[in-house]
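>>> Predicted model and sequence follow; I will ask about them next.
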Amino acid sequence: MKHKNIITVLIFAFLLFGTSAVCFVKTPSLISESERRELKQKPKLTIAALASGQYMKDFEEYTVDQFPKRDLLRSVKAVFSTRVFMKKDNNGYYFANGHISKLEYPLNPYMLDNAEEKFIFLYDSFLKNTDTNIYLSVIPDKNYFLAKENGYLSMDYDVFLRDFKDRFEFMNYIDVSSLLTIDDYYTTDSHWKQECIFKVAKKLSDVMGTPLSEENEIKTLDNEFKGVYLSQSALPFKGDTIRYVTNKHIDNAKVTYVDDMGMKKEGSMYDFEKAKGNDPYEMFLSGTQALITIENPYAKSDKELVVFRDSYGSSLVPLLTSGYKKITVVDIRYIQKDFVGAFVKFDKQDVLFMYSTTLLNSSTAFK
Amino acid sequence: MLFSSILFMFYFLPIVLLVYYISPKPLKNPVLLISSLVFYGWGEPRYVFLMIGTILVGYIFGLLIYKYRGRALSKILTGLSVVAQLSALIYFKYADFFISNFNMTTGLSVPLLKLVLPIGISFYTFQILSYTVDVYRGDVMPQKNIINLATYVSLFPQLIAGPIVRYSHIEAQLTKREHSFSKISDGIRRFVIGFGKKILIANTLGELCEAILAFKGQSVLMYWLYAVSFMLQIYFDFSGYSDMAIGLGKFFGFEFMENFSYPLISKSITEFWRRWHISLGSWFRDYVYIPLGGNRVKRGRLLFNIFVVWFLTGFWHGAQWNFIVWGLCFGILLTLEKFFYIKKLDKHKIFGHIYVMFFVIVSFAIFSGNNMGDAICRVKGMFGFNNVPFISQETVYSIKNFGVVILLASLGATPLPKRAVNLLKSKLGNNAVYDVLEIIVTAAILFVSVAYLADGSFNPFLYFRF
């Protein structure tokens, strides 16, 4: 081709200088909606930062975070990695049986030890010698259903669940894993679907001796739910739909949010502002909260429940509302375990420890 | 600063190219020099002054060696320049090695210095050494223009990962070099190929190696998988960097020597070292082996010369015993080939290739160790002496996850892709179809590689020991 070399140089120059120009003039973005994190901003130029090399390090991170069309390029990388290189996972995220999931491997025994230590601390400090009924339930993550069957690295969940359950003689273990299937989880997120876990709520309530209301209505959110796995994996995939359960107990409950400094704020079971945000799943009990109290004026019994939970509990707890006069929801990732007693008086309640295998396998999140 | 980074590609390089090409000829080398100092100082703000000091010392010695040429003083000055140039390298790179071995031998506890190794010091020290020795030998004239000498030593395309460019190869190009669309176009293709090799292949293999090291469940097959992947990672990373260096050199009118020539198709270790890291092998040949007498000596001295060269080759790669052992292993194999069976290997090509692959893979297991103990553990693991099963769940998953990349890398390490391209070119004849395809494929490699960079994923720099 005549002038091939000139054309090659011109194309390359256009790509190089054109992209460079966009990098320089583009207004920096503050957050990445797809990755759900803040993006690095241009660092401040100081002599000290230059001399130490910190400016260069920060600037380099800034150039990556602020690169134009980054979301598109991340998808290109994900597709190339999985379709051309035929990699089974992209940065630990994989697609199987219509779901995106994240590898959870290997089993970390010292993390289970850490969780055990925290639970025993809570028992010894606040629950021992009180008239409480203590229960434990472990929620399997999506890999329980997907990983081994599809040839991915998989923890031995049977060993995990059996081992963890056997550590707590003072807890009555409620197995929910046998009730669940992969279809009970969002396809693009780690969490389960509220409309699919009535069976879990019923099993818990049966064991805890508290009947639940069966007059429920299921409503649907309009906006598409792009779950955390979809954004992190960058794989091209359609989002989910969030459905939520209402009944007179849920709709009329007095919900109070308490932060770790003791500041209270009235709210509702579902936060519809957060439903439109980056992580719509946070609509359930307003996402990450240190402590929540739910008081049900329509409760038929005076029973109270305390739930120590992670994010899976956010969608489950509303389904238990009808069975209790008061539910206290505690998240020891956001409140020091030592201070739980300052916020909750343990006496005659049902106490449920409900955590996912994912959190238990990396329990350093517990304070 | 890495070539394989958004910062280099879209911030540094465009500015340097722009300023370089709008500058008049007398300013082109100063532009390159300043750019190179910024490039180096970006990663090593403190140590840029060390490099400048090394250049100044080399510059002064070069002039003095030439001034007193033919006299004993010239030889003394050359010796002093070698000592001076190597001092910084020895201090920063090897001081703690000597101290820790001294402590082990004597039982004392002399505290380690824990110095941060200035990146690229092994490369630029060897470059400036080659300059002063070549001046002494009369192979080159001393460079009176310190800007030109500094440009040669610090030239960013080859500063931190080679190839080791001899002053004699580049002397004329410092003052007179061609800038043309043809050269730049070649440079683009070469750079993008290196870019793709590093980002798409080497980094992916590096992910596999990191994953294997993190696995608790090892197996015999896993040890081999690691060694093979590590070898391929090093090849694609290093040769990719060399491709990028050669390509970048062409952007600025320079022609650098080839540094890799399909070493993994070799049929003898002798051939392997003529194809692998060519600039280092030839440096040791010309500045250590031949001055020691080369092979024109008695057998005992020859063995000594080989021992010294391969000890130093291993030692140059890192201040640890496993690198020395790695080098010496090659020295032993080369000696055995030389004396006993090189001709047999030439005759039996398939056996020769298997023989090379076996020893090279095992040698990279030694090379990959964090220390000698770790290296021995890895080699033992490869032969089933670590009490691990033959295969494990992690091994199967790793093969499934990275099998295609390993296969592509293995093919890519041979001349087959190039032959396929040449065949396609000949089939398409002299028309635009091939040229358009070439442009599209080059742009596609660049685009996908940039996508990997934008993902912010795994992008290690392997040359921190150099």
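Looks like it arrived, so ask away.
>>> Quick one: the strands in the stretch 51-200 of chain A, in order.
Along the stretch 51-200 of chain A, counting by DSSP state E, counting those that start in this stretch, strands occupy A:93-96, A:99-102, A:133-139, A:172-173.
>>> Identify whichever of these lies nearest to chain B.
Taking C-beta to the nearest C-beta, strand A:93-96 is the member of the strands of the stretch 51-200 of chain A nearest to chain B, at 9.5 Å. The way it works is simple: take the backbone N, C-alpha and C, and place the C-beta from them, glycine included.
>>> what does the closest one rub up against?
For strand A:93-96, the external contacting residues (C-beta atoms under 8 Å, 6 or more residues apart in numbering or on different chains) are A:82, A:88, A:100-103, A:146, A:149-150, A:152, A:229, A:232-233, A:235, A:237.
>>> Next, check the residues you listed against the helices and list the overlap.
Among the contacts of strand A:93-96, the residues falling in helices (DSSP state H) are A:146, A:229, A:232, A:233.
>>> For stretch A:21-35, which outside residues touch it?
A:37-39, A:41-42, A:62-63, A:65-68, A:70-71, A:74, A:226, A:231-232, A:234, A:278, B:6, B:10-11.
>>> how much space is there between residue B:355 and chain A?
Look at residue B:355 and chain A: by C-beta to the nearest C-beta, to the nearest Å, they are 31 Å apart.
>>> Hmm, that residue is touching residue B:345, no?
Yes: contact criterion C-beta atoms under 8 Å: residue B:355 and residue B:345 qualify, at 6.8 Å.
>>> shared neighbours of those two, anything?
B:267, B:268.
>>> Which residue is the nearest non-sequential neighbour of the closest residue to chain A within the stretch 251-400 of chain B?
Relative to chain A, the nearest point of the stretch 251-400 of chain B is residue B:397 (5.0 Å; C-beta to the nearest C-beta). Leaving aside its chain neighbours, residue B:397 sits nearest to residue A:153 (5.0 Å; criterion: C-beta to C-beta, 6 or more residues apart in numbering or on different chains).
>>> re the thing from before, now the ones in helices among the contacts of strand A:93-96 as TSV including neighbour count?
Shown next, in TSV, are these (neighbours: other C-beta atoms under 10 Å in any protein chain shown):
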residue	neighbour count
A:146	22
A:229	23
A:232	21
A:233	25
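>>> Now do the contacts for the closest residue to chain A within the stretch 201-350 of chain B.
Taking C-beta to the nearest C-beta, chain A has its nearest neighbour within the stretch 201-350 of chain B at residue B:216, 5.9 Å off. Contacts for residue B:216 (C-beta under 8 Å, 6+ apart) come out as residue A:106.
>>> Can you report phi and psi for it?
phi -80, psi -40 (degrees, to the nearest 10).
>>> Quick check: the gap between it and residue A:146.
22 Å (C-beta to C-beta, to the nearest Å).
>>> How about residue A:71?
In terms of C-beta to C-beta, residue A:71 sits 25 Å off from residue A:146.
>>> pLDDT value on residue A:263, please?
Listed pLDDT for residue A:263 reads 87.
>>> Assign residue A:306 to helix, strand or coil.
Under DSSP: H, G, I helix; E, B strand; the rest coil, residue A:306 falls in the strand class.
>>> do the same with residue B:218
Assignment for residue B:218 (three-state DSSP): coil.
>>> Near residue 93, how many other residues are there?
Going with chain A. Per other C-beta atoms under 10 Å in any protein chain shown, the neighbour tally for residue A:93 reads 18.
>>> my question was about chain B
Neighbourhood size, residue B:93 [other C-beta under 10 Å]: 22.
>>> need the contact list for it.
By C-beta under 8 Å, 6+ apart, residue B:93 lies in contact with B:117, B:121, B:122, B:319, B:465.
>>> same question, residue B:32
B:16, B:20, B:151, B:155, B:156, B:252.
>>> Excluding chain neighbours, what is closest to residue B:378?
Sequence neighbours aside, residue B:365 is the residue nearest to residue B:378 in space, at 4.5 Å (criterion: C-beta to C-beta, 6+ apart).
>>> Run through the residues that contact that neighbour.
By C-beta under 8 Å, 6+ apart, the neighbours of residue B:365 are B:223, B:226, B:227, B:230, B:375, B:378, B:379, B:382.
>>> Got a quick ChimeraX command for the buried subset of these?
Selection of buried members from these for ChimeraX, criterion 16 or more other C-beta atoms under 10 Å in any protein chain shown:
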select /B:223,226,227,230,375,378,379,382
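>>> would a markdown table of the contacts of residue B:365 with distance to residue A:282, secondary structure and pLDDT be doable?
What follows is these, written out as a markdown table (distance: C-beta to C-beta, whole Å; DSSP: H, G, I helix; E, B strand; the rest coil; pLDDT from 0 to 100):
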| residue | distance to residue A:282 | secondary structure | pLDDT |
| --- | --- | --- | --- |
| B:223 | 46 | helix | 96 |
| B:226 | 42 | helix | 97 |
| B:227 | 47 | helix | 97 |
| B:230 | 43 | helix | 97 |
| B:375 | 50 | helix | 95 |
| B:378 | 47 | helix | 95 |
| B:379 | 52 | helix | 96 |
| B:382 | 50 | helix | 96 |
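>>> ok, the one residue in the stretch 151-300 of chain A that gets nearest to chain B - contacts?
In the stretch 151-300 of chain A, the residue that lies nearest chain B is residue A:153 (5.0 Å; C-beta to the nearest C-beta). Applying C-beta under 8 Å, 6+ apart to residue A:153 gives the contacts A:103, A:105, A:106, A:147, B:393, B:394, B:397.
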